[in-house]
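In: Below: sequence and its predicted model.
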Amino acid sequence: MTRTSRISALAMSALVSAALGGLGCSSSNPPATSNGAGGSPEATGGTSSVNTNTDTGTGTGTGTGTGTGTYTGTGGTTSTSTDPTGGTASIDSTGGTTSAPNTGFQPLCASVPLNADGKAPTKGGDCSGAADTQLCYKTCGPQSIGFKSETCSSGAYVEQSGCSFLTGTDYSCYKIPASIDASCPTTTPKASDPCTVAECTLCSLNGQYLDSSGAAKTGYCVCPAPGATGVSKWSCASNTAWPCPGSLGC
């Protein structure tokens with residue numbers, strides 16, 4: 001090709017390029033700064049949120065309980081009932097019931113917690129523990145109608161001598177007779193042995209009875225109404241633990 005022909009070909013190529021540009025053709029890769037109508041995020045749908053709910057609750061409960069006990073004797077029955085929490089000791093003597101609140105002999109040793117040594121308060125027992133009971137009462141006398149104290153002294157319990165009794169209570173069932181009733185046995189009555197004499201009849205042999213171990217003691221016995229087994233058993237106590245010591249009346 002001659003030089004003139006090459007110049008003509010180049011000129012023709014330039015004309016074709018110019019013609020195509022005039023028709024609006026463009027590259028398939030738009031400029032980086034160009035944004036279409038759908039390129040922007042949706043304002044109302046572009047927010048994501050997480051809600052966390054924590055539920056808490058508190059509850060308070062209270063409860064109280066009250067227990068009461070009632071003991072009712074029947075006419076002609078000699079019986080005793082002691083409420084260790086301060087209730088009523090009752091004695092039904094030949095048809096009438098006389099009651100008195102046990103306000104002076106509290107607490108009973110049978111109702112207090114065991115001491116540090118695991119034992120209940122008793123004569124000569126240890127009471128050196130910081131939380132050990134310092135004073136309580138045991139029952140004594142015929143049918144356990146009296147009370148005697150156990151007092152902690154120098155780390156050991158000292159037991160009251162004799163027996164104390166509630167005031168305002170009818171003890172006529174335990175009245176000491178001028179002479180022993182003819183229905184009493186001719187042998188020495190023994191505590192806890194079966195008996196058959198009438199209630200409120202004091203018995204002894206020459207002023208003595210036998211305790212449950214068989215040891216001779218000075219005092220008296222009475223024959224209460226039959227217990228749950230249907231058998232009456234002697235209930236005995238020494239003179240010093242009798243409701244009417246040193247006299248014939250109550």
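Out: Structure's in. What do you need?
In: quick one: buried residues of stretch 124-133?
Out: Gly125, Asp126, Cys127, Asp132, Thr133 (16 or more other CB atoms under 10 Å). Any C-beta I mention is one placed from the backbone N, CA and C, and that applies to glycine too.
In: For it, measure first residue to last.
Out: Length of stretch 124-133, first residue to last, CA to CA, to the nearest Å: 14 Å.
In: So Ala110, which state does it fall into?
Out: helix (DSSP: H, G, I helix; E, B strand; the rest coil).
In: What ranges does this protein have for its helices?
Out: Using DSSP state H, the helices of the chain run over 3-22.
In: Domain parsing of it, as residue ranges.
Out: Per automatic domain parsing, the structural domains of the chain span 104-169, 171-250.
In: okay, those domains in TSV with mean pLDDT next?
Out: Formatted as TSV, those follow (pLDDT from 0 to 100):
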stretch	mean pLDDT
domain 104-169	94
domain 171-250	92
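In: what ranges do the strands span in the protein?
Out: Applying DSSP state E to the chain gives strands spanning 80-81, 88-93, 96-101, 135-140, 146-153, 156-159, 208-210, 216-222, 235-238.
In: if we can go back for a sec, could I get the buried residues of stretch 124-133 in JSON lines, plus columns for distance to Thr229?
Out: Putting the buried residues of stretch 124-133 into JSON lines (distance: CB to CB, whole Å) gives the following:
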{"residue": "Gly125", "distance to Thr229": "32"}
{"residue": "Asp126", "distance to Thr229": "36"}
{"residue": "Cys127", "distance to Thr229": "37"}
{"residue": "Asp132", "distance to Thr229": "37"}
{"residue": "Thr133", "distance to Thr229": "33"}
